[in-house]
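Engineer: make a model of this:
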Amino acid sequence: MKKLFIFLSILTVLAPVAFSAGQVEETPKKLVYMSLPWGTPSEELLAKFKASSGITVEVTTLDVKPLRDKVMTATAGKVNPADIIFVGIDEIGIFASAGAIRKLDDLVPKDVWDKVYGKQFFQVNGDTFSVPIYQQMVMIDYDKAALSKVGWKGEDIKTWEDFEKVSVMLKEQGVSQYPISFGIRSWSWYLMALSMGSTLFDEKMNPTFDKASDPGYRAFVKLIDYYKKGLISPERVSSPNPHPAFWAAQSVFHQAWQGSLTIANDPERSKVAPNADYLLLPEKHFTWSLPAGLGISSFTRYPKASWEFIEFMISEEAQLYLFETHGMFPALKSLFQKLGAEGKIDGYEVMEEQARYLVPLPYNTPWFAEFNNEATNALVRAARGEQTVEEAIEALADYQRKLKEEYK
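Structural biologist: Residues are numbered from 1 along each chain as shown. Coordinates of the predicted model:
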């Protein structure tokens, strides 16, 4: 993968520019939008865009890996995979570094950036490569009814020691065999480390988590300790997805996301309903976001028309559709605030408080996607006893240093 990224970066330098700023762009009859399933508009919205613009938008829907592979393969061949591309936060560093998507600051009016949340997550070296279409903080939700059986409330949990103490009580008193539904994966570690106050990396992107004094080190140790104490099910090693166990009321705490209560409090989909609520993360409270945006292919002949479609996708009507149909929280500030004021967002007050503690992870680097995979591998090795926790942390830090050097 590293050689592919380096090769693509060279191609980007050598490749001819698909559309020059001095050219007059013709209005296309058709644009192609490549998206994940939850980023797609309705047929009615597409018809409305065509009526106003005269442009038909063809939507190609793919899963995460096929979409990434198609974009990267097209970029290697210097051809256009689609005019508008769905860019998850995992892909921003890869797509931008490879030259798959173009910079947008010269195309998108400045006032637009003030209307949406999350511009900073789609910037690489100061340039913006995607317009956010939804926001998605990583959070914890929990079962209020189960917690009350041991005499606790969510607001009583101030530290991770509190979190562990009440989890042990839930297990020992038979309320839940595995009270914590956290996957043995990178996201669970990030969730704990950031909320404890770690940045994981310093300003030069060198690891800090390998120092015993860093909260990231403590979080790694504590997550594995939860697993070894039987607070996390063994299933979360081979099947790290934490959601089904919580919705089946098999756990009390759940690594969730902004919008998870939509499912957790739906009695047709969750046995926890109507007792799920968000927990403000303990200690320093910090978390990160897994948003998505829309980018424009570096090889499209129609960047202005592509922007016109993106602008339509961040309109109130399109944003409301994504929220109501796919559960994606609006990037459009005015709509998010309006839905909250109308009481249409479950857990809005805790969500609004949690949003004050949002920090970025280095998804905008070309190496972070590989580091993210290796972080999960390191946690799994430690959980299975293939390495000590200390060995796993040291190996992960060494891996990140070498990886970063290879991408220089």
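
Engineer: can you tell me the SS state at the residue lying closest to residue 224 once chain neighbours are set aside?
Structural biologist: Closest residue to residue 224 apart from its sequence neighbours, by Cβ to Cβ, 6 or more residues apart in numbering: residue 382 at 4.9 Å. Quick note: C-beta positions are derived from backbone N, CA and C, even for glycine. At residue 382 the chain is in helix, as set by DSSP: H, G, I helix; E, B strand; the rest coil.

Engineer: what's the answer for residue 85, then?
Structural biologist: Following three-state DSSP, the label given to residue 85 is strand.

Engineer: how about residue 58?
Structural biologist: Under three-state DSSP, residue 58 falls in the strand class.

Engineer: and the residue lying closest to it once chain neighbours are set aside, how far from residue 70?
Structural biologist: Leaving out its chain neighbours, the residue that sits closest to residue 58 by Cβ to Cβ, 6+ apart is residue 32, at 5.0 Å. Per Cβ to Cβ, to the nearest Å, residue 32 is found 11 Å from residue 70.

Engineer: what is the neighbour count of the residue nearest to residue 58?
Structural biologist: Residue 32: 20 surrounding residues under other Cβ atoms under 10 Å.

Engineer: give me the phi and psi for it.
Structural biologist: phi -110, psi 130 (degrees, to the nearest 10).

Engineer: not counting sequence-adjacent ones, nearest residue to the most centrally placed residue in the chain?
Structural biologist: Centroid-nearest residue in the chain: residue 290, 1.7 Å away (criterion: Cα atoms, centre = their mean). Distances taken as Cβ to Cβ, 6+ apart place residue 136 nearest to residue 290, at 4.7 Å, with adjacent residues excluded.

Engineer: that neighbour: what's it in contact with?
Structural biologist: Going by Cβ atoms under 8 Å, 6 or more residues apart in numbering, residue 136 touches 257-259, 289-292, 328-329.

Engineer: ok, 6 Å please
Structural biologist: 257-258, 289-291 (Cβ atoms under 6 Å, 6 or more residues apart in numbering).

Engineer: isn't the residue nearest to the centre of the chain up against residue 88?
Structural biologist: No: assessed by Cβ atoms under 6 Å, residue 290 is found out of contact with residue 88, at 7.5 Å.

Engineer: now for the two: what residues contact both?
Structural biologist: With contacts defined as Cβ under 6 Å, 6+ apart, no residue is shared by residue 290 and residue 88.

Engineer: got the contacts of residue 136 as a markdown table, with secondary structure columns?
Structural biologist: Below are those laid out as a markdown table (three-state DSSP):
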| residue | secondary structure |
| --- | --- |
| 257 | strand |
| 258 | coil |
| 289 | strand |
| 290 | coil |
| 291 | coil |
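
Engineer: list just the nearest of the residues you listed to residue 102.
Structural biologist: Residue 102 lies nearest to residue 291 out of the contacts of residue 136, by Cβ to Cβ, at 19.4 Å.

Engineer: any idea how far that closest one lies from residue 151?
Structural biologist: Distance, residue 291 to residue 151, by Cβ to Cβ: 38 Å.

Engineer: repeat for residue 90
Structural biologist: Residue 90 sits 41 Å away from residue 151, going by Cβ to Cβ.

Engineer: got it, and residue 257?
Structural biologist: 28 Å.

Engineer: okay, these two: which has more neighbours?
Structural biologist: residue 257 (19 against 10).

Engineer: contacts only, for the more buried one.
Structural biologist: 136, 138.

Engineer: same check on residue 167?
Structural biologist: Neighbouring residues of residue 167 by Cβ under 6 Å, 6+ apart: 179-180, 231.

Engineer: among those, name the buried ones.
Structural biologist: Those of the contacts of residue 167 that meet the buried threshold are 179-180, 231, by 16 or more other Cβ atoms under 10 Å.

Engineer: between those residues, which is closest to residue 352?
Structural biologist: Distances from residue 352 to the buried ones among the contacts of residue 167, taken as Cβ to Cβ, are shortest for residue 180 (25.2 Å).

Engineer: hey, what's residue 277 bridged with?
Structural biologist: Here residue 277 sits in beta bridges with residue 142, going by DSSP bridges.

Engineer: so it sits against residue 146, correct?
Structural biologist: No: Residue 277 lies out of contact with residue 146 (Cβ under 6 Å); the separation is 11.5 Å.

Engineer: how about low-confidence regions in the stretch 201-350 of the chain?
Structural biologist: Filtered on pLDDT under 70, the stretch 201-350 of the chain yields no residues whatsoever.

Engineer: could you check how far residue 126 is from residue 288?
Structural biologist: Applying Cβ to Cβ, the value for residue 126 to residue 288 is 20 Å.

Engineer: what about these two, which has more around it?
Structural biologist: Between residue 126 and residue 288, counting by other Cβ under 10 Å, residue 288 is the more crowded of the two (21 against 7).

Engineer: dump the residue contacts of the more buried one.
Structural biologist: 138, 359, 361 are the contacts of residue 288 under Cβ under 6 Å, 6+ apart.

Engineer: what's the answer for residue 369, then?
Structural biologist: Contact analysis of residue 369 by Cβ under 6 Å, 6+ apart lists 90, 94.

Engineer: for it, give me phi and psi.
Structural biologist: Here is the backbone geometry of residue 369 (degrees, to the nearest 10): phi -60, psi -40.
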